[in-house]
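Visitor: Mind folding the following:
(3 chains, ligands or ions: 4)
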Amino acid sequence: MFKITTKTIVAIGLGAAIFMLLFMYVKVPSPIPETSFQTAYGLSAFFATLFGPIAGALISFIGHALNDAVQYGSVWWSWVIASGVSGFIFGFAFNRTKVEDGVFDGKDILTFNIIQIIGNVVSWVVVAPVLDILIYQEPVNLVFTQGLAAAGMNIISAGVIGTLLLVAYAATRTKKGSLKKK
Amino acid sequence: MVLMDKKAIIEFDHFSFQYYSQAEPTLHDINLKIYPGEKILIVGPSGSGKSTLGHCINGLIPFSYKGEITGSLTIKGQDTRELNIFELSKKVGTVLQDSDGQFVGLTAGEDIAFALENDCVRQDVMHERVRKVAQMVDMDTLLKSSPFELSGGQKQRTSLAGVMIDEVDILLFDEPLANLDPATGKRAIEIINDIHCNSTKTVLIIEHRLEDVLHRDVTRVIVLDEGRIIADMDAHSLVCSDLLRKTGIREPLYITALKYAGVKVTCDMQPGYIETLKTDSAGEAVRSWYKAIHPEKRINTNPSIIKMEQVSFSYDGIRKVLQDINIDIREGEMVSLVGKNGAGKSTLSKLLCGFEKEDDGIIRYFGEDIREKTIKERAEIIGLVMQNPNQMISKAMIYDEVALGLRLRSVPEEEIKPRVEKVLKICGLEPFIDWPISALSYGQKKRVTIASILVLDPKILILDEPTAGQDYRHYTDIMEFLVEINKLGVTIILITHDMHLMLEYTPRAIVLSEGKLIADTAASVVLTDEQVIEEANLKETSLFALAQHTGIANGTAFVQGFIDYERELKNR
Amino acid sequence: MSLKMKLFSYNIVDTFVHRLSGLTKLLCFLLLTFAVMYSYDLRVILFVMLFSFIVLYISKIKFSQIRTMVIYVLIFVITNAIISFFFSPEFGVEIYGTRHEIAHLFGKVYLTQEQLLYQVTKLFKYVSVIPLGMIFLLTTNPSEFASSINGVGVHYKAAYAVALTLRYFPDIQRDYRDISLAQQARGLDLSRKAKFTDRFKNALLIIIPLIFSTLDRIDLISNAMDLRGFGKGKKRTWYTFKKLDKQDILAIVLSALIFIGSLCVSAFVNHSRFYNPFI
Ligand SMILES: Nc1ncnc2c1ncn2[C@@H]1O[C@H](COP(=O)(O)OP(=O)(O)OP(=O)(O)O)[C@@H](O)[C@H]1O
Ligand SMILES: Nc1ncnc2c1ncn2[C@@H]1O[C@H](COP(=O)(O)OP(=O)(O)OP(=O)(O)O)[C@@H](O)[C@H]1O
Ligand SMILES: [Mg+2]
Ligand SMILES: [Mg+2]
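Guide: Ligands and ions are numbered 1, 2, ... in the order given. Alright, predicted model coming up:
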């Protein structure tokens, strides 16, 4: 599960690049004004499920850090680390679904989403606020409100985008000895 | 060359391989000996197992592709089962087809040094060796440039340097010519040849474009079909055998011409390479055949459908990618757009579709200025099929993919069904109508994307590299089907590096070079005009050489004659 | 959407800062960032800020390069300041344990000196690290990133992943744009007019081709890297690594001193992370 092959590394590198891109440009505006869903977390959940916790963690961490760097010129460590944690927890869906064998149905969808929800709750309702308090002494009630909102939004985008991506991916998988020439 | 010291450097012995997901083996009972210093060309139809064979040699099989191996493969006397991919990478250097995929460094220098970095070579040593190797492929002045500043050819050279940097004995090239413009491809073959001559390296080349590889000589040609070696002979005997036709590999054009002229191509004519071809006996036949052709004059008198006037464009506002382009295309025409890598061909197609906004100039559709039309509105008129099918496919099933455009336009389902089925029929995809796209070959995927555009019935169809990496059979399928829809009145613009395609299918060729239009005339003229060829990195066709060989003064007319003759054959 | 061919507009000017090794700059960046991260002493923070602005000046970074960043940051800190004030106007009082009212705004909301100090400190805490990041990003050759990250102790494989991100971001950005245009040409509506439920679907029509073509690319690239021996050893060297010289040592020592200084101030002067002038 924590094995690192060259493929994992490349997946991290390119995954982080897509994460960054989505983080910058592909926000789905939500019905609530001035807020939008980060499709990027759908992506990190997807990659984490395919490549494991390390990949998930580093994709979100690198992607988020570089995005901050490009946007603000510096890095908001509290939220970047939280992103990493979420990706790491998403990674526990790795090998717990049958997606690599081309099936991603009821049970797998459930597994994936439970893990995904845990990941988002832990990182946005626990890690991010606590770090905000430790580092920046932000008011407690403020950071937890923010955290809850973020968790909600990211659960939805990871849920919708992640699930749909995995379904689509499963459809492209081929089973052992299944390809026959006609 | 140190040939025939009887110790094989690569030896397949009753070797078979079956991919994990395949129902039966992809390579069957391969027996093959390759000796040090040989230069081997491996050809075969798409899907015949060429890359698979390559993967076995460089260790990607079984390291990265799982499957079942029987029999044995020994490299430099060691069984590959006892070697891991790292040990193998010290013996075999591989240049992959996709130079962007292979170019992992942020700059050319870093990419060339990549292998050394992994070996923990000291930095000063590293810089020294990089400089040396870079000189060999003359990249030494570009070591600091990033992939975006390099042309396709220069990227290829970088990859080459990258594998030559640790002294491997075997160099393996998988389709080194794909996506290179003709002249760059030609140069690539020359560079490979020089390396081969100036060293004792063993060279293996996997390639579809037989004639282009035979620009320099090879020791042997190995023909794969359905995972079996069906021929292992020198170029001459291969070309005069009927194997190429049988396996659906394109024979050199001059051979086709000779056959049209009724000449019996025999090995003693040394027909493998145009340079060695002896035509004394054939000259007469060719000349009389050429005289017999009565050129057909087909001038398209339809109104102009799309017109570019003084169009200029630049991505960054600094460097002009297109400059004062004037093009006028008539309804129902089939033209090809050619030019060197980075000339601006794809960019031009993006301008026509409104993907990019021209800086100045006018684009007209039937005389009407369409500059203000949105992407969506233009899409009603102009359909673009992009170079890489994977960039367009967003659905799992073929039917949905093709229907997508109509659904997004909220066309009622009951109307969608017949339209989709009709298009799938035209594209010969009917049998696969409810298949997952992932089960299709590259060529079939390409046709799916064409279908998904056709279904919106555009008046103009632009195809970017429709036949890249396709073998002759698929190539012919795609092209014949484009001719069909062209007959139905669709105007077709082909962006291509394939000079054969340009000659065979498009009477008119538009040539770009460094963003300027340098020629807009008959294909036969373009391919025989020294200066245009030079400027646009094109390659003179071997037909021209054949004309000279057989003492036909007007080479251009001869090439044109060949085209007319073929067209007659087809129309018959 | 602008297409940056390189992620950061790294400017090649020959200044003291540019000459430093990427590793040095990363180390200094981290040391100073953590210095302000830990301390809640306005004096320390202002000092670090002053220092980093001086370095910013030395490294000849043009304002045009950082304009957009500055705007984003200002928006962030201002909204943050306002929100956090209205969320808990008494937070400063809690922290400093005294209460000096300045003004009565409305209802139960008062403006206190403590709150003011707390918020001003926090604001500068955010702002002061910005120049540091910008300096690192804009004066370091992207080719040096990976070797620097590896240099501060991160495993070279993770470091190389960052290099790959920098290498392939522009490619992916270009793909993304081509794909979305192609889908729009097929009638995809990306405007806000689309129904909310459709927005996810439409986003997917672009993301799916992007991701799936990227998955193919991942196979290709990892094969290419395996074939050239990536990951065979415990260590690897770097073609672009810049060795440390006297100036680098100087810079590192200086930043280290500032870091330690900030810790000492908290430990021995303030006896807490906070500088409390009220008692
Ligand atoms: N990773 C894989 N898993 C399963 N089957 C594969 C895989 N790669 C290739 N194949 C199958 O093996 C056969 C040979 O593929 P290969 O790529 O070697 O053909 P090729 O001769 O290189 O074709 P082309 O000229 O198009 O590259 C094809 O039928 C292909 O479907
Ligand atoms: N999105 C882009 N942003 C910036 N520059 C670009 C972009 N796309 C292409 N270019 C540059 O514009 C020039 C023309 O590119 P284009 O893709 O049109 O060439 P081409 O003729 O299609 O080349 P090829 O035959 O290799 O496909 C190249 O120098 C390329 O680097
Ligand atoms: Mg192949
Ligand atoms: Mg192109």
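
Visitor: does stretch B:396-405 come close to chain A?
Guide: Yes. For stretch B:396-405 and chain A, the contact criterion (Cβ under 8 Å from any Cβ of the partner chain) is met by residue B:396. Using the backbone N, CA and C atoms, a C-beta is placed for each residue, glycine as well.

Visitor: May I see the buried residues of that stretch?
Guide: In terms of neighbour count (16 or more other Cβ atoms under 10 Å in any protein chain shown), stretch B:396-405 has its buried residues at B:396, B:397, B:398, B:399, B:401, B:402, B:403, B:404, B:405.

Visitor: residue contacts, the closest residue to the last one other than its chain neighbours?
Guide: Beyond its immediate neighbours in the sequence, the residue positioned closest to residue B:405 (Cβ to Cβ, 6 or more residues apart in numbering or on different chains) is residue C:186, lying 4.0 Å away. Each residue near residue C:186 by Cβ atoms under 8 Å, 6 or more residues apart in numbering or on different chains is listed here: B:379, B:404, B:405, B:408, B:452, B:453, B:456.

Visitor: The helix or strand hosting residue C:111 pairs with which strands?
Guide: Assigned by DSSP states H and E, residue C:111 falls within strand C:109-112. Here strand C:109-112 is paired, per DSSP bridges, with strand C:101-106 (antiparallel).

Visitor: How far away from the center of its chain is the partner strand?
Guide: On the basis of Cα atoms, centre = their mean, to the nearest Å, strand C:101-106 sits 36 Å off its chain's mean C-alpha point.

Visitor: And the contacts of that strand?
Guide: If you take Cβ under 8 Å, 6+ apart as the criterion, strand C:101-106 is touched by C:110, C:111, C:112, C:113, C:116.

Visitor: surely the last one meets residue C:92?
Guide: Meaning residue C:116. Yes. Using Cβ atoms under 8 Å, residue C:116 makes contact with residue C:92 at a distance of 7.1 Å.

Visitor: More neighbours: those two, which one.
Guide: Taking neighbours as other Cβ atoms under 10 Å in any protein chain shown, residue C:116 and residue C:92 compare with residue C:92 leading, 27 against 14.

Visitor: Distance check, that one against residue A:141.
Guide: Using Cβ to Cβ, to the nearest Å, we find residue C:92 at a distance of 15 Å from residue A:141.

Visitor: Chain neighbours aside, what residue packs nearest to residue C:17?
Guide: Counting by Cβ to Cβ, 6+ apart, the residue nearest residue C:17 is residue C:59, at 3.7 Å.

Visitor: right, and that neighbour touches residue C:14 too?
Guide: No. Using Cβ under 8 Å, residue C:59 makes no contact with residue C:14, being 10.6 Å away.

Visitor: can you put the contacts of strand C:101-106 in CSV and add distance to residue C:203?
Guide: Output for the contacts of strand C:101-106, formatted as CSV (distance: Cβ to Cβ, whole Å):
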residue, distance to residue C:203
C:110, 46
C:111, 44
C:112, 46
C:113, 48
C:116, 44
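
Visitor: Those into TSV, with extra columns for pLDDT?
Guide: Shown next, in TSV, are the contacts of strand C:101-106 (pLDDT from 0 to 100):
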residue	pLDDT
C:110	88
C:111	89
C:112	91
C:113	91
C:116	91
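
Visitor: now, which of those residues sits nearest ligand 2?
Guide: Nearest to ligand 2 among those is residue C:116, at 48.9 Å by Cβ to the nearest ligand atom.

Visitor: which residues does the closest one contact?
Guide: Taking Cβ under 8 Å, 6+ apart as the criterion, residue C:116 is in contact with C:92, C:102.

Visitor: got a list of what residue 165 touches?
Guide: Using chain A here. Listed by Cβ under 8 Å, 6+ apart, the contact partners of residue A:165 are A:42, A:43, A:46, C:204, C:207, C:208, C:211.

Visitor: switch to chain B, that's the one I care about
Guide: Contacts of residue B:165 (Cβ under 8 Å, 6+ apart): B:112, B:113, B:115, B:116, B:129, B:130, B:133.

Visitor: List the buried residues of stretch C:77-92.
Guide: Buried residues in stretch C:77-92, counted by 16+ other Cβ under 10 Å: C:77, C:80, C:84, C:85, C:87, C:88, C:89, C:91, C:92.

Visitor: show me where pLDDT drops low in the chain?
Guide: As the question left the chain open, I've gone with chain A. Within chain A, the stretches with pLDDT under 70 are A:33-34, A:175-182.

Visitor: nope, chain B please
Guide: Applying pLDDT under 70 to chain B flags residues B:1-5, B:297-298, B:469, B:572.

Visitor: Measure how buried the residue in chain A that ligand 2 sits nearest to is and give me the count.
Guide: Nearest residue of chain A to ligand 2: residue A:21, at 14.0 Å (Cβ to the nearest ligand atom). Neighbours of residue A:21 under the rule other Cβ under 10 Å: 24.

Visitor: Top of the contacts of strand C:101-106 by number of neighbours, please.
Guide: When neighbours are counted by other Cβ under 10 Å, residue C:112 leads the contacts of strand C:101-106 with 21 neighbours.

Visitor: which residues does that residue contact?
Guide: C:89, C:90, C:92, C:93, C:99, C:100, C:101, C:102.

Visitor: Show me the contact partners of the helix or strand that the fourth one is a member of.
Guide: In this structure, residue C:93 sits in helix C:91-96 according to DSSP H and E. Around helix C:91-96, the neighbours that count as contacts under Cβ under 8 Å, 6+ apart are A:137, A:139, C:84, C:99, C:112-119, C:274, C:276, C:278-279.

Visitor: Try it again at 6 Å.
Guide: With Cβ atoms under 6 Å, 6 or more residues apart in numbering or on different chains as the test, helix C:91-96 has contacts from A:139, C:99, C:112, C:114, C:115, C:118, C:276, C:278.

Visitor: For the fifth one, which non-adjacent residue is spatially closest?
Guide: Spelled out, it's residue C:115. Leaving aside its sequence neighbours, residue C:115 sits nearest to residue C:92 (Cβ to Cβ, 6+ apart; 3.5 Å).

Visitor: which of the contacts of residue C:186 count as buried?
Guide: Looks like these have B:379, B:404, B:405, B:408, B:452, B:453, B:456 buried, using 16+ other Cβ under 10 Å.
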